[in-house]
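# how would this look folded up:
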Amino acid sequence: MPLDAICLAAVRKELAESITGLRIDKVAQPQRDIVILTLRGGGVPSRLLISAGSGDARAHLTEYRFENPASPPMFCMLLRKHIGGARIVDIKQPRAERVLQLCLESPDAFGAVTEKSLILEFIGSFSNIILTGDDGIIIDCLRRVGGEFSSKDRRAVLPGLLYRLPPAQEGKHDPLSVSSEKWRELFGAWNGAAADKWLISVFTAMSPLICRELSWRAYGETDAGAAAIKDGGAALMREFLELMENVKAGAFEPWSVSPPGEAPRDFSYTMIRQYEGHYDSARNESFSAMLDGFYSRKAQAQSIRRQSAVTIKTVKNARDRIARKLAAQSEELKKTEERDKLRQCGDIITANIHLMKKGQSFLQAQDFYADEGKMRKIPLDPLKTPQQNAEKYYKEYTKAKNAEKFLTEQIRIGENELIYLESVLEDLALSEGERDLLEIRRELTQTGYLKAQKKGREKAIESAPMRFESSAGVQILAGKNNTQNEKLTLKTASKTDVWLHVQKEHGCHVVILCGGAQPDDLTLSEAAAIAAYYSSARCAGKAPVDYTQIKYVKKPAGSRPGRVIYTDYETIIARPDEELVMRLRRG
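Below is the predicted model of the structure:
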């Protein structure tokens, strides 16, 4: 990804302006590679996300709320001890390095202020978070690296050692210190390679995206070669030096590019023009907002997908098994529709029994159930007497009649189970953390779809419903899964609160805590948008949402968790507006 050293400089500049002087109030480590610092002192608390993941290393302010583990990791405990309450006095970046240094003033055990540094290295698979004292000695780090690496590749990063910067890339030049004369000297050794490949091989701190962009700006091609570069690289030099002057002046702009209607695919500190209308370019509000939108949701969704993969597979297998069973039962039920013909055959045999002899293989007789004069040919078992053949048809008729009743009931049960499992899959898709997944697994265990775990393996910690506040200040709650939906609707909410659910779709139960008062139109429409967003109709442009008072919502006897019926409702058309939902969410 294009978080090169120059893009990181833009992030550093923005963070320095927004969080310098703030204090670290809380330290959390929701995932192995992610640390969240809650900062106070600037009015509204801010959360600084630091990721040392190999594919998503970055630092920025975040609006997303991560679920913390029940027990904080050891590195998190160490950071709480050393930098809890520390004040951020500066944010530095070594020139042309993908490294940030948070300079901190932290009180020691005796209350004396000491200087510490939290060093953030964003170097691919070697990304790290390192805490050092005022003497530069490493206190500890997220990833400990032994001393068996050569200086060319890595260096040891261990507690008690003096911190050293990562080794510089040999043979590459700092683009911010290159003059026009130096450029001509370097380009004099050009071997005809594509412009973007040459830039990457000669300069450090530049991502492939920026190298392709410079090639496109100069020659109209992202990989301009010898056929296009006929000016000795003059156009490329002009674009390169102009960009570097903007960087030196701090003229950074957060731009992202994305396919029409899709999530962003790339980002940079300057406008990207190389896609020529195939991708949409958008200027973001800030680098933090851009990185938060690009990485945080994607990382969170990937984490949930990994954790829920086995559960999803189990539920899908159960759903498919029930679907196959329903298809077979429906086929059997269809056959029972002809049971009256069996009874009629028995009647015709009985009426003609005096004319029949044992050993007949069929009976050709007048069909008194059809038009006058019409004959019916009835197959017989030659080993049975005429009376036994009649009894056989009557027994098959009775069997088919009973089968119809049994199959109808079994199909009804199967269809309800199918609806339930589809709702569980929707709940899994809406899960936001491990606690939500544990609740769903517990529900599946209680309903018999998962085997019960050994006692003590999973703690019975219930997650709270999602909380929202409408623009008018009215509280709105929404369940995340069937168990939570049922508890919210049938136990938590008052009988006079307003209940909402997307019509004929799987989704969360939404409750407006209005205490018997009629909610205003804006609150009602916002609650409907929440119901539409957290449902299987999320991708639709609009969705019908039913609403009524809780007293009109009932749970059918013996039904699965979350299943309700309701009356006395009205319907409102809502749009699943993600931006609106995230703005209203409070927890």
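
# shaky segments in the chain?
1-2, 147-154, 297-298, 300-301, 454-462 (pLDDT under 70).

# which strands and helices sit next to the longest helix seen in it?
For the chain, the longest helix by residue count, based on DSSP state H, is helix 386-430. If contacts are counted by 3 or more CB pairs under 8 Å, 6 or more residues apart in numbering; DSSP states H and E, helix 386-430 sits against helix 297-335, helix 339-351, helix 434-446, helix 482-487. C-betas here are computed from N, CA, C, even on glycine.

# Pick the most deeply packed of those.
With neighbours defined as mean count of other CB atoms under 10 Å, the helices and strands packed on helix 386-430 peak in mean count at helix 482-487, which reaches a mean of 22.

# Give me the helices and strands touching it, please.
Against helix 482-487 (3+ CB pairs under 8 Å, 6+ apart) you get helix 386-430, helix 434-446.

# now for these, which one comes closest to R585?
helix 386-430 (13.1 Å; CB to CB).

# so the closest one versus helix 297-335, what angle?
In terms of direction (axes from the mean of the first three to the mean of the last three CA atoms, to 10 degrees), helix 386-430 departs from helix 297-335 by 170 degrees.

# and the angle from helix 386-430 to helix 434-446?
Using the same axes, to 10 degrees: helix 386-430 against helix 434-446 is 170 degrees.

# circling back to that earlier point, would you convert the helices and strands packed on helix 386-430 into CSV that also reports distance to S127?
CSV is the format used below for these (distance: least, CB to CB, whole Å):
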stretch, distance to S127
helix 297-335, 14
helix 339-351, 71
helix 434-446, 23
helix 482-487, 36
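
# tell me the domain boundaries of the chain?
Listed domain ranges for the chain are 5-141, 175-288, 315-463, 466-584 (source: automatic domain parsing).

# Can you give me the first-to-last residue distance of the shortest one?
Taking CA to CA, to the nearest Å, the first and last residues of domain 175-288 lie 25 Å apart.

# and the nearest residue to G433 once chain neighbours are set aside, how many residues sit next to it?
Excluding its sequence neighbours, the residue lying closest to G433 (CB to CB, 6 or more residues apart in numbering) is E67, at 3.0 Å. Close neighbours of E67, defined as other CB atoms under 10 Å, add up to 18.

# Next, the contact list for E67, please.
P30, E432, G433, E434, R435, D436 (CB atoms under 8 Å, 6 or more residues apart in numbering).

# a strand runs through it, doesn't it?
No. E67 is assigned coil when assessed by DSSP: H, G, I helix; E, B strand; the rest coil, not a strand.

# re earlier: wait, which of the helices and strands packed on helix 386-430 is closest to G507?
Nearest to G507 among these is helix 482-487 (9.0 Å), distances taken as CB to CB.

# How far off centre is the closest one?
Taking the mean of its C-alpha atoms, helix 482-487 sits 21 Å from the chain's own mean (CA atoms, centre = their mean, to the nearest Å).

# now the helix or strand just after it, how far from the centre of its chain.
Using DSSP states H and E, the helix or strand that directly follows helix 482-487 along the chain is strand 498-502. The chain centre lies 24 Å from the centre of strand 498-502; the measure is CA atoms, centre = their mean.

# and what of stretch 11-20?
29 Å.

# So what touches it?
Counting by CB under 8 Å, 6+ apart, 3, 39, 42, 46, 48, 58-61, 88-93, 100, 250, 252, 286-288, 291 sit against stretch 11-20.

# where exactly do the helices run in the protein?
Under DSSP H, the chain gives helices at 5-19, 74-83, 180-187, 195-202, 208-219, 234-248, 287-291, 297-335, 339-351, 386-430, 434-446, 482-487, 521-533, 578-584.

# What residues sit buried inside the third one?
Residues W183, L186, F187 are the ones in helix 180-187 that count as buried (16 or more other CB atoms under 10 Å).

# Please name the residues that touch the second one.
Taking CB under 8 Å, 6+ apart as the contact definition, L186 lies against H173, V178, V202.

# which one of those has the most neighbours?
Using other CB under 10 Å as the neighbour test, the contacts of L186 are led by V202, with 20 neighbours.

# thinking again about what came up before, farthest-apart pair in the contacts of E67, please.
It's P30 and D436 that sit farthest apart of the contacts of E67, by CB to CB, at 13.7 Å.

# Name the nearest residue to M237, sequence neighbours excluded.
Among residues not flanking M237 along the chain, W183 sits closest, at 4.9 Å (CB to CB, 6+ apart).

# cool, E422 as well?
Nearest one to E422, counting by CB to CB, 6+ apart, is H506 at 5.7 Å.

# so K487 touches G479, yeah?
Yes. Using CB atoms under 8 Å, K487 is in contact with G479, at 7.5 Å.

# Quick check: buried residues in stretch 511-521?
In terms of neighbour count (16+ other CB under 10 Å), stretch 511-521 has its buried residues at V511, I512, C514, P519.

# Go ahead and confirm the third one touches A472.
I take that to be C514. No. Using CB under 8 Å, C514 is not in contact with A472; the gap is 10.4 Å.

# Now for those two: what residues contact both?
Common neighbours of C514 and A472 (CB under 8 Å, 6+ apart) are T523.

# still on that earlier bit, mind giving me the ChimeraX command for buried ones among the contacts of stretch 11-20?
Here is the ChimeraX command that selects the buried residues among the contacts of stretch 11-20 (16+ other CB under 10 Å):
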select :3,39,46,48,58,59,60,61,88,91,93,100,252,287,288,291
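
# Let me have the domains of the chain in TSV, adding distance to R164 as columns.
Shown next, in TSV, are the domains of the chain (distance: least, CB to CB, whole Å):
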stretch	distance to R164
domain 5-141	9
domain 175-288	18
domain 315-463	37
domain 466-584	42
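
# Out of these, which is closest to P166?
Minimum separation from P166 across the domains of the chain (CB to CB) falls at domain 5-141, 5.9 Å.

# Now do that closest one: distance from first to last residue.
Domain 5-141: ends 22 Å apart by CA to CA.

# And G124, how close does it get to L209?
According to CB to CB, to the nearest Å, G124 and L209 sit 16 Å apart.

# do S535 as well
37 Å.

# now swap in S106 and tell me
Applying CB to CB, the value for S106 to L209 is 38 Å.

# List the residues that contact D381.
D381 touches Q388, N389, K392, counting by CB under 8 Å, 6+ apart.

# Mind doing that once more with 10 Å?
By CB atoms under 10 Å, 6 or more residues apart in numbering, the contact set of D381 is G359, Q360, S361, Q388, N389, K392.

# nearest residue to the first one other than its sequence neighbours?
Spatially, and ignoring its direct neighbours in sequence, G359 is nearest to P382 (4.9 Å; CB to CB, 6+ apart).

# One more: C508?
Once flanking residues are discounted, C508 sits nearest to Y534: 4.3 Å by CB to CB, 6+ apart.

# Assess the claim that that neighbour and Q484 are in contact.
No. Assessed by CB atoms under 10 Å, Y534 is found out of contact with Q484, at 11.4 Å.

# who touches both of the two?
D427, M466, A478, C508, H509.

# Can you verify my assumption that the first one contacts T483?
Yes. Using CB under 10 Å, D427 and T483 qualify as a contacting pair, with a distance of 9.0 Å.
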